[in-house]
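Asks: dropping the sequence and predicted coords here.
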Amino acid sequence: HHIVDLYTKAVERGHWKAMHNLAELYRTGWPGGVEKDTQKTLDLYQRMIDLGVPQGFYNMGAMIGNRAGVKNPATDGLNFIAKAAQLGNPAALTQLGKLYIFETHQDELGLQYYHCAASQGHAEASYRIGSYYQNVKHNFPVATRHYQTALSQGNINAALVLELIFDETSLPSMALWY
């Protein structure tokens with residue numbers, strides 16, 4: 001309960017990161033004494049939105065996308081994610097990049113969103129760029145460069161891919177990549 005009390009005090013002072021962290025505890029529930037509470041989660045996300053915090057828009061959009069207590073998940077959630085992306089939130093930019101590439105097949109636009117997020121140090125976006133160049137463009141040197149960036153940003157999946165690329169026993173030859 002101690003952590004919840006500290007977060008609650010910080011929330012009362014308008015600290016958005018405390019709102020985000022407390023909302024996460026309510027969203028998933030926490031054995032340390034927090035019951036799962038979707039309404040409290042949504043209320044905290046709304047407070048973040050009222051403060052104009054990009055992460056708040058993203059959190060709300062993701063929550064709506066998971067159909068948590070909202071009438072029209074597809075459009076309502078996307079509106080929040082689009083707003084978060086407009087405010088520069090890297091997770092939202094990455095999400096929109098995915099939608100443009102995989103849903104509307106506007107690859108160039110999707111890559112622009114990925115690059116914007118990656119330039120902010122967002123590891124998932126860098127990984128997705130690498131994956132795009134590997135699987136769609138078959139441009140392995142460019143894919144490798146983006147996987148290396150993703151790894152430097154902390155993406156574990158990039159480490160696994162790079163291990164396969166550079167492990168000579170798993171591939172007949174590095175010539176496959178270059």
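Replies: Sure thing, it's come through.

Asks: name the nearest residue to the residue nearest the centre of the chain, sequence neighbours excluded.
Replies: Of all residues in the chain, the one closest to the mean position by CA atoms, centre = their mean is Ala91, 3.2 Å from it. Computed as CB to CB, 6 or more residues apart in numbering, the closest residue to Ala91 that is not its neighbour in sequence is Tyr58, at 5.4 Å. (Each C-beta comes from the backbone N, C-alpha and C, glycine too.)

Asks: what sits against that neighbour?
Replies: With contact taken as CB atoms under 8 Å, 6 or more residues apart in numbering, Tyr58 is in contact with 80-81, 84, 89, 91-92, 95.

Asks: now, which of those residues sits nearest Ile101?
Replies: Taking CB to CB as the measure, Gln95 is the one of the contacts of Tyr58 closest to Ile101, at 11.1 Å.

Asks: just the strands from this structure, written as ranges.
Replies: Taking DSSP state E as the criterion, the chain contains no strands.

Asks: what about the helices in it?
Replies: 2-12, 16-28, 38-50, 54-65, 73-86, 90-98, 107-118, 123-135, 140-152, 156-166 (DSSP state H).

Asks: in JSON lines: these, plus mean pLDDT.
Replies: Shown next, in JSON lines, are these (pLDDT from 0 to 100):
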{"stretch": "helix 2-12", "mean pLDDT": "91"}
{"stretch": "helix 16-28", "mean pLDDT": "93"}
{"stretch": "helix 38-50", "mean pLDDT": "92"}
{"stretch": "helix 54-65", "mean pLDDT": "86"}
{"stretch": "helix 73-86", "mean pLDDT": "78"}
{"stretch": "helix 90-98", "mean pLDDT": "93"}
{"stretch": "helix 107-118", "mean pLDDT": "96"}
{"stretch": "helix 123-135", "mean pLDDT": "96"}
{"stretch": "helix 140-152", "mean pLDDT": "95"}
{"stretch": "helix 156-166", "mean pLDDT": "90"}
